[in-house]
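# Could you work out the structure for the sequence below:
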Amino acid sequence: MKQFSLLITGASGAIYGKRLLEVLVDLGHHVDLLVSASAEICLSYECQISGGARGLVDHLFPDARKERVRVHAVGNIAASLASGSALRNLSAGIIAPASMGTCSRIAHGHSGNLIERHADVLIKERKPLVIVPRETPMSVIHLENLLKLAQLGCVILPAAPGFYHQPQSVADLVDQVVGKTLDMVGVEHHLFARWKG
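Model prediction:
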């Protein structure tokens with residue numbers, strides 16, 4: 001089983017982070033979880049989950065599965081995720097959803113909290129980082145920041161589901177984006193029907 005970091009930030013689309021955490025843990029993987037203060041608001045409003053990262057873990061895993069999740073305080077810049085020397089066993093990081101503010105700060109090397117610092121460390125250590133931006137329309141500023149992140153080696157995977165798998169529900173649309181994200185970090189899954197031509 002692999003080790004991933006999942007960073008949930010304050011863009012609309014908290015359900016993407018929620019579902020990624022659920023699927024990764026259900027598949028037996030371990031997750032280092034960070035939830036920003038703005039993401040806590042989105043989780044409460046969009047998913048009716050209060051209590052931030054701990055509340056999310058308790059909501060999804062009322063059993064021993066929660067032991068596969070290590071919650072980090074966003075303000076703890078001394079945490080293991082802040083150092084490249086501690087990331088030896090980390091397979092990849094995922095930011096989902098990624099706010100435009102978070103993308104801007106990472107693109108410009110601003111490390112004001114553990115989310116930004118961890119992303120900076122992933123980039124400098126050449127670890128895979130998948131960024132799932134959830135914004136529309138995008139300004140030139142947004143596009144330039146995302147381009148800079150792509151040039152630094154990040155995978156930019158917009159939360160823009162396809163429809164070739166004939167989704168029947170919002171959950172199907174979410175799973176298609178989550179599945180594409182998992183593809184980028186090498187996790188096998190069966191979340192959506194693949195195009196067969």
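# where does the protein have low pLDDT?
When the per-residue scores of the chain are filtered using pLDDT under 70, no range remains.
# try 90
Scanning the chain with the threshold set as pLDDT under 90 gives 88, 196-197.
# what's residue 194 in contact with, if anything?
Contact analysis of residue 194 by Cβ atoms under 8 Å, 6 or more residues apart in numbering lists residue 165. Backbone N, C-alpha and C define where each C-beta goes, glycine included.
# List phi and psi for it.
Here is the backbone geometry of residue 194 (degrees, to the nearest 10): phi -80, psi 150.
# And the contacts of the helix ranked longest in the chain?
Among the elements of the chain assigned as helix by DSSP state H, the one spanning the most residues is helix 170-184. Contacts of helix 170-184 from elsewhere in the structure, counted by Cβ under 8 Å, 6+ apart, are 15-16, 19-20, 23-24, 92, 94, 96, 128, 130, 132, 155, 157, 159-162, 165, 167, 188-189, 191-192.
# SS state for residue 186?
Applying DSSP: H, G, I helix; E, B strand; the rest coil to residue 186 yields a three-state assignment of coil.
# now swap in residue 105 and tell me
Three-state assignment for residue 105 (three-state DSSP): helix.
# Was I right to think it contacts residue 120?
No. Between residue 105 and residue 120 there is no contact, the gap being 9.3 Å when judged by Cβ atoms under 8 Å.
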